[in-house]
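Enquirer: Return a 3D structure for these sequence lines:
(2 chains)
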Amino acid sequence: MSAALQAERITKRFGGVTALSEVSLELLPGEVHGLIGPNGSGKTTLLNLLSGYYRPDQGRILLGSEDLSRRPVQERPRLGVARTFQKPRLLPSLSVLENAMIGGWRDTRSGFVASALALAGARREDRALRTRSIDLLQGVGLGHVIDRRANLLEHAEQRFLEIARGLTGRPRFILLDEPAGGLTSTEIGHLGTVIRIMRDCGIGVLLVEHHTDFVFRICDRVTTLDLGRMIRHGTPAEVRADPEVIRVYLGA
Amino acid sequence: MKHPLAFAAAAAALATLPFWAGDQYQLHLAALIGAYWILIAGLNLVVGFSGQLSVGHVGLLAIGAYGFAIVAGTHGVDPWIALAASGALGALCGFLLGLPSLRLPGFYFAMATLAFALIVTELVLALDGLTGGGLGLSVPTFPEPFDTPAGNYWLILAVASLVTLLTWNVARLMWGRGLICVRDSVVTAQAVGIPVLHAKLAAFVFSGLTAGLGGALFAVIQSYITPDTFLFELGMFFFVCIIIGGRGSILGPFLGTVVLTALPELSAPLAKLGNFFYGLLLLLVVLLLPEGIGRLFQIAMERLRPRRIESMPIAPHPQRLTDAIKAGQR
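Expert: Got it, this is the predicted structure:
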């Protein structure tokens, strides 16, 4: 049994507003965990806490028994936690390949000087990262746009590139912020394929998503938030049948 | 290297320039461009790659120039050691300036570098025992065979080539992408684990080193330096060369440096207009070619060999993806 990524009774306030109140969530390796709820329920806030952009006011973020609550966001990749963004944050002037390579920064051990001198180690790291990125890009289905500038990508390609960039960092956990937003149903099918493969490889996938059909279809467990409180977590079937979840989110 | 033939031809042309240059003045101009470029190549990593808007590198140039003139001239130390010392002094000053100021957001960082350039000028005037104050200092030359205009040019060409090679290495390996990531999206940089301040500081210290070296070589070309040699406009000029050349490129800012240095000198009407010419060119580039003149070549290449942007559906390869992920977990 390997370590889980956990939010433990997290409270987060912004000024006078309590965005999250005593929320707990456990993301296991090799599971797809859905996080759903109405707009403003605190989903993205929780994701930002797990990925280190925010610090909790109360409660802890744990990776196994290690407390990550105060660890800066830059350390998450080395700890094996990757994320994507609701609005893709790519580097527009770089190629698809270079955007994917950026995700593997944790494996850049060479310093600035070693890079400037193009020492053997720096070149070797670069080659390894290039090869890994090409493999991952072909795997997620972006092999045909590898040399294209990222600002020329279509929306779905940007979303898949964000996932490839996350995977280049060899994560144990990947946090996906509304990855299905703006995708066609075929593309959502492909996204499902990619997510299942990540899970089958032992990666814990957190899926923040509005597309509830997709969430219930693909997730092993689902957590529902409303107004910063956790109202239900369980299997998709349990959550979907919960009267409170239906009332605040799914509708009759 | 995408165009090895063009590169070889350019390298040969630069190496043989003293033999085909029209007159001594053109050779002098080429050496001046080289000294500027040594500074601008390093500054390019700061401005063009990491996106930090330094307008005060003329201060670091002055430090390198006065450092060389004082160490080699006043104290009579070997010029080669003085050259290395100028580089080291530039790097040290870059570190001392960058460490506090690179935490500041864009506009305030630019103001800090501006203030630095003004302070250096005032210090040069105040420390007249060391710098000669308003009267200035004469600068020794390098020993034979580098004491002739051609020899000096070749020395500058060698240093400029070395500096360009170093920046090219940074640009093509992970640190170059890391700097561009810091420029375009700090949020992404944090998400993938790039140490943002460290990366900015590394580029800035490197730019201090090249500014120090460029300053020493610039001083030798001038043969006599005064505070008026290092006006604030020169710092703006370095900055503008990069913006006109295009961010995230090396060739673009190099062309920018050549064009902006040479054109006003070679054409008398343009020289009369001086700053007006810079201003007009900057305006045209920012409005019409925001990615710089380097982009013109890319566009021309794409016109010549158009690549169709066809839309193909995304289709994951499950086995490849599994293999690729598992390879990373081993």
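
Enquirer: Give me the contacts around the host helix or strand of B:Trp175.
Expert: Under the criterion of DSSP states H and E, B:Trp175 resides in helix B:174-184. With contacts defined as Cβ atoms under 8 Å, 6 or more residues apart in numbering or on different chains, helix B:174-184 is touched by A:91-94, A:98, A:101-102, A:105, A:108, A:110, A:112, A:115-116, A:122, A:125-126, A:129, B:45, B:49-51, B:170, B:188-189, B:192, B:194, B:196, B:199-200, B:202-203, B:247-248. Any C-beta I mention is one placed from the backbone N, CA and C, and that applies to glycine too.

Enquirer: In chain A, what residue lies closest to chain B?
Expert: A:Gly139 (2.9 Å; Cβ to the nearest Cβ).

Enquirer: pLDDT score assigned to the nearest residue to that residue once chain neighbours are set aside?
Expert: Distances taken as Cβ to Cβ, 6 or more residues apart in numbering or on different chains place B:Leu321 nearest to A:Gly139, at 2.9 Å, with adjacent residues excluded. In this model, B:Leu321 is scored at 94, pLDDT.

Enquirer: what residues are up against A:Leu167?
Expert: A:Leu167 touches A:82, A:103, A:136, A:140, A:174, A:198, B:324-325, B:328, counting by Cβ under 8 Å, 6+ apart.

Enquirer: cool, and B:Gly252?
Expert: B:48, B:245-246, B:292-295.

Enquirer: So which of the residues you listed sit within helices?
Expert: B:245, B:294-295 (DSSP state H).

Enquirer: Let's have those in JSON lines, adding distance to B:Thr121 and neighbour count.
Expert: Converted to JSON lines, the ones in helices among the contacts of B:Gly252 look like this (distance: Cβ to Cβ, whole Å; neighbours: other Cβ atoms under 10 Å in any protein chain shown):
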{"residue": "B:Gly245", "distance to B:Thr121": "26", "neighbour count": "28"}
{"residue": "B:Gly294", "distance to B:Thr121": "32", "neighbour count": "22"}
{"residue": "B:Arg295", "distance to B:Thr121": "35", "neighbour count": "18"}
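
Enquirer: how close does the residue in chain B that chain A sits nearest to get to A:Cys201?
Expert: Closest to chain A within chain B is B:Leu321: 2.9 Å, counting by Cβ to the nearest Cβ. Separation of B:Leu321 from A:Cys201 (Cβ to Cβ, to the nearest Å): 9 Å.

Enquirer: More neighbours: which of the two?
Expert: Legend: neighbour count by other Cβ atoms under 10 Å in any protein chain shown for B:Leu321 and A:Cys201, higher for B:Leu321 (24 against 18).

Enquirer: so where does the more buried one fall, helix or strand?
Expert: Per DSSP H and E: helix B:318-329 holds B:Leu321.

Enquirer: For that helix, buried residues please.
Expert: For helix B:318-329, the neighbour count (16 or more other Cβ atoms under 10 Å in any protein chain shown) marks B:320-321, B:324-325, B:328 as buried.

Enquirer: What is the lowest-pLDDT residue among the contacts of A:Leu167?
Expert: When the contacts of A:Leu167 are compared, B:Gly328 shows the smallest pLDDT, 89.
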